[in-house]
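Visitor: What follows is a protein structure lacking sequence information:
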């Protein structure tokens, strides 16, 4: 194994970088999904300062946590940025999740407040405020420490039930500085993004990163081919997941993307065929990259130089990667550097499993070609990535076995050209007349759509070894 990594990063706290960037009077800093048009950097600075001041008057600041139900509308995005400007820890959750799913995060983080989109109040005993009703206040910029928690983003990491990954101010600053250097982000850039804002891909790399570089961000609440391609005429960069690219190739005119200087794909493997389709029809050699919630983005094909399909490139600035020898056998990827998270919220045992002496065990097996490009071979754990979303089998299995008539359940990922992987369930039931369609509908009421199995198959028994352990690979 060899260590690779070099470069330097700017560890200025991200809220301070935003304030500097917005003072440059960019007339097109943010356009949100509410259709109200572009807002200037000056408007963004004024609005987020006012919200931050109002939040400070309610106790928000370093050491406090605020849960944010993510939405791409102006009031909601301003609230998220305002939360971070107070120095409080932002805890993003999916506003479309069931109340039960969100309550797990609320109970775990014990937040000062929950900030929700319009008409989505109600998080138990915690104060829940509408993003557009936070009011205005006199803002006093706090003194931020590198060790202060900036974000807690929930993920199962490489194993177990959902846990809150704590990203410090230094982690956030290092991750965004690395992208600014690696991808050449400037105030002239305009990001087109239809990624969800409760994941680090859309929230950190997308919204936070381009704003920190002084550029503009065009947010779409959902991905739709026609509006996306129409908006591409004003963009210079776009971050996507393979599912989005698959739909663009299937349903759209890819020539609309030719003006982009950079098209990035991540969160799931990109097929060589799709890479070549975009190279020919869109004249875009897609830049694939690799990262995870706990480390932010760590590997990337180069901005300048060869972008190799089927690989995730080379370490970004200041990322140290423990990699197998070039041309050698695969091994687990481990990374270190200033963007590696502080640990899981209130889970020291889980942290110790993946973080040893500063090295993050990713759970992903990689190989390195003769030129140093890294390819992901597979996952040592059982995470499913469907449409760019992380899906954890045990979470769905627990819900399945709680349903009438279901004795046992196993969930696996099935390869899919469109989704990367499809969530697939196998169940054991004594009820030969169990309505599988009704079962899927019930699951849709209890969890987010991307978690609901695309298919449910009844089997006589689940494959297990002599110790009774489920053998998922046989499914």
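Guide: On my side now, so go ahead. Just so it is clear, the model here is predicted, and its values are computed rather than measured.

Visitor: what residue ranges in the chain score low on pLDDT?
Guide: Along the chain, the model assigns pLDDT under 70 to residues 1-8, 119-126, 156-161, 378-381, 465-469.

Visitor: Can you pull the phi and psi angles for the residue most central in space within it?
Guide: Residue closest to the average C-alpha location in the chain (C-alpha atoms, centre = their mean): residue 199, at 2.7 Å. Taking degrees, to the nearest 10, you get phi -110, psi 160 for the backbone angles of residue 199.

Visitor: quick one: it and residue 403, what's the gap?
Guide: The spacing between residue 199 and residue 403, counted by C-beta to C-beta, to the nearest Å, is 28 Å. Every C-beta, even on glycine, is put in place using the N, C-alpha and C of the backbone.

Visitor: Check residue 313 too.
Guide: Counting by C-beta to C-beta - residue 313 and residue 403 are separated by 43 Å.

Visitor: More neighbours: these two, which one.
Guide: residue 313 (24 against 16; other C-beta atoms under 10 Å).

Visitor: Go ahead and confirm that one touches residue 373.
Guide: Yes. Applying C-beta atoms under 8 Å as the test, residue 313 and residue 373 come out as touching, 6.0 Å apart.

Visitor: what touches both of those two?
Guide: The contact sets of residue 313 and residue 373 overlap at residue 301 (C-beta atoms under 8 Å, 6 or more residues apart in numbering).

Visitor: Specify the beta-bridge partners of the closest residue to residue 407 other than its chain neighbours.
Guide: Closest residue to residue 407 in three dimensions, ignoring its sequence neighbours and counting by C-beta to C-beta, 6 or more residues apart in numbering: residue 428, at 4.7 Å. With DSSP bridges applied, residue 428 shows beta-bridge pairing to residue 408.

Visitor: just checking, residue 428 touches residue 463?
Guide: No. Counting by C-beta under 8 Å, residue 463 is not a contact partner of residue 428; they are 11.3 Å apart.

Visitor: Domain parsing of this structure, as residue ranges.
Guide: Recorded structural domains for the chain (assignment: automatic domain parsing) are 2-377, 384-474.

Visitor: Pick the most buried one from those.
Guide: Each of the domains of the chain was given a mean neighbour count from mean count of other C-beta atoms under 10 Å, and the largest, a mean of 20, is that of domain 2-377.

Visitor: which SS state does the closest residue to residue 383 other than its chain neighbours fall under?
Guide: The shortest distance from residue 383 to any non-neighbouring residue, by C-beta to C-beta, 6+ apart, is to residue 390 (6.0 Å). Three-state call for residue 390 (DSSP: H, G, I helix; E, B strand; the rest coil): strand.

Visitor: any idea how far residue 390 lies from residue 77?
Guide: As judged by C-beta to C-beta, residue 390 and residue 77 stand 23 Å apart.

Visitor: Next: residue 132.
Guide: Residue 132 sits at a distance of 11 Å from residue 77 (criterion: C-beta to C-beta).

Visitor: As a check, name the ranges of all helices in the chain.
Guide: Using DSSP state H, the helices found in the chain span residues 14-22, 41-57, 74-86, 99-109, 169-183, 200, 209-212, 225-231, 242-251, 272-281, 348-354, 393-401, 436-446.

Visitor: Now render the ones you listed as JSON lines, adding distance to residue 292.
Guide: Shown next, in JSON lines, are those (distance: least, C-beta to C-beta, whole Å):
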{"stretch": "helix 14-22", "distance to residue 292": "19"}
{"stretch": "helix 41-57", "distance to residue 292": "28"}
{"stretch": "helix 74-86", "distance to residue 292": "21"}
{"stretch": "helix 99-109", "distance to residue 292": "19"}
{"stretch": "helix 169-183", "distance to residue 292": "11"}
{"stretch": "helix 200", "distance to residue 292": "8"}
{"stretch": "helix 209-212", "distance to residue 292": "16"}
{"stretch": "helix 225-231", "distance to residue 292": "26"}
{"stretch": "helix 242-251", "distance to residue 292": "17"}
{"stretch": "helix 272-281", "distance to residue 292": "22"}
{"stretch": "helix 348-354", "distance to residue 292": "10"}
{"stretch": "helix 393-401", "distance to residue 292": "18"}
{"stretch": "helix 436-446", "distance to residue 292": "26"}
